[in-house]
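1. Fold the following, please.
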Amino acid sequence: MTDRLISMWQLLNPAAWMTPQISGETTYTALKGTMQNSSTPLTPFMSSASGIFWDSDMSRTTEVFGYAYGDTSALYGDTKIPRDKLIRKINNWLGKNSPAMSRFKSQSQWRPSGIWKGSSDTKSFQPSLKLGMKDAVVADGYYTEWIANVHVNHGALDGSFTIYFFAREPPDDVLTWGFASNLIGSVGIFMMNGMGSSQSKMSGTAPLTMALMKHVDQRAIQDLEPESVVPFLQHTLHFRVVDINNKEVDPALVTGLYVAISSTRVRLPESEFEFPEWGQPILRLAIWE
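-> Model (predicted):
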């Protein structure tokens, strides 16, 4: 799964690779503070019997290891450019219900067989954007995306944990939080038991836009603009931390915890073969620091 994601990322960003960085932790073969780059040996994995270790440059493509993914390779008889095909797939996987892809929904809507009596300019049915919804969230080809940002230290807790975000107070039963009706997002932080505290950081994000769109539909907020969303979140947003044993944890016990809400203006793509164009994020609310 990981190499498939990396393969897709490489196809989308062919000029980008490894950024030189100072190691944050001591390992069996590198001291903390060592500068590492794409040619740093990936010990203990040897590429040959002569003792040469693999490095990131040598293992940049899956083809080196004798296999490829259909998502990133041109298949026999396929006339579409692999990168364009992948962009369309990702838009369908991750964005088909988002405001960013609303203008393309009419192209894939089901219509009954036989004569279609609707005129060519009939308003298309968009199940994820109810009547009036698109006008409330999209203006002049742009909409506002909302993100919950989480930073923690490596080893912040002894094992993995999850941070849940709710509109208003969560239910009493922790075991129901993952599917609560007022859940608006969650961030999972994965780490091993017994890692110990570290100053190295881990981060995660939770998209809040789709949940906020439901509140637009329910007239709880007028639109996705900061003037509407920020006061709503200030009055209703709650977050909770749950450890790997489904026990609630005091946020003060999570080393290096930082929780904030940001927004970004997003330009709708011109076609399904383009990604939405994101602007610079703007910090709107610092929830915990």
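
2. which intervals of the stretch 151-289 of the chain have sub-threshold pLDDT?
-> Scanning the stretch 151-289 of the chain for pLDDT under 70 picks out 194-197.

3. For the helix or strand harbouring residue 284, which outside residues touch it?
-> Assigned by DSSP states H and E, residue 284 falls within strand 282-288. Outside strand 282-288, the residues within contact range by Cβ atoms under 8 Å, 6 or more residues apart in numbering are 226, 229-230, 233-234, 237, 239, 251, 257-264. All C-beta atoms are positioned from the backbone trio N, CA, C, and that covers glycine.

4. Could I get the average pLDDT for the host helix or strand of residue 89?
-> Secondary structure assignment for residue 89, by DSSP H and E: helix 82-95. Helix 82-95 shows a mean pLDDT of 87 in the predicted model.

5. residues of that helix that come out buried?
-> Going by neighbour count (16 or more other Cβ atoms under 10 Å), the buried part of helix 82-95 is 85, 86, 87, 88, 91, 95.

6. and the strand ranked longest in the chain with strand 282-288, angle?
-> If each strand of the chain is counted by residues according to DSSP state E, the longest one is strand 142-153. Using axes from the mean of the first three to the mean of the last three Cα atoms, to 10 degrees, the inter-axis angle of strand 142-153 relative to strand 282-288 is 40 degrees.

7. Surely residue 246 touches residue 175?
-> Yes. Contact criterion Cβ atoms under 8 Å: residue 246 and residue 175 qualify, at 6.0 Å.

8. Would you map the strands across this structure?
-> When assigned using DSSP E, the strands of the chain occupy the ranges 21-22, 35-36, 142-153, 161-167, 183-189, 201-207, 237-243, 248-249, 258-267, 277-278, 282-288.

9. Go through those and name the closest to residue 44.
-> In this view, these are compared for proximity to residue 44 by Cβ to Cβ, and strand 35-36 is the closest at 15.6 Å.

10. How far off centre is the closest one?
-> On the basis of Cα atoms, centre = their mean, to the nearest Å, the separation between the geometric centre of strand 35-36 and that of its chain is 28 Å.

11. Give me the mean pLDDT for stretch 136-150.
-> Throughout stretch 136-150, pLDDT has a mean value of 91.

12. quick one: contacts of stretch 50-64?
-> Among residues not part of stretch 50-64, those counted as contacts by Cβ under 8 Å, 6+ apart are 3, 7, 10, 17-18, 38-47, 65, 68-69.

13. Which neighbouring elements make contact with the longest strand of the chain?
-> Identification of packing neighbours for strand 142-153 by 3 or more Cβ pairs under 8 Å, 6 or more residues apart in numbering; DSSP states H and E yields strand 183-189, strand 201-207, helix 209-217, helix 226-236, strand 258-267.

14. Flag every buried residue along it.
-> For strand 142-153, by 16+ other Cβ under 10 Å, it's 142, 143, 144, 145, 146, 147, 148, 149, 150, 151, 152, 153.

15. Switch those over to JSON lines; also include distance to residue 204.
-> Compiled in JSON lines, those are given as follows (distance: Cβ to Cβ, whole Å):
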{"residue": "142", "distance to residue 204": "26"}
{"residue": "143", "distance to residue 204": "23"}
{"residue": "144", "distance to residue 204": "21"}
{"residue": "145", "distance to residue 204": "16"}
{"residue": "146", "distance to residue 204": "15"}
{"residue": "147", "distance to residue 204": "10"}
{"residue": "148", "distance to residue 204": "9"}
{"residue": "149", "distance to residue 204": "8"}
{"residue": "150", "distance to residue 204": "5"}
{"residue": "151", "distance to residue 204": "8"}
{"residue": "152", "distance to residue 204": "8"}
{"residue": "153", "distance to residue 204": "13"}
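
16. between the residues you listed, which is closest to residue 168?
-> When the buried residues of strand 142-153 are ranked by distance to residue 168 (Cβ to Cβ), residue 148 comes first, at 15.6 Å.
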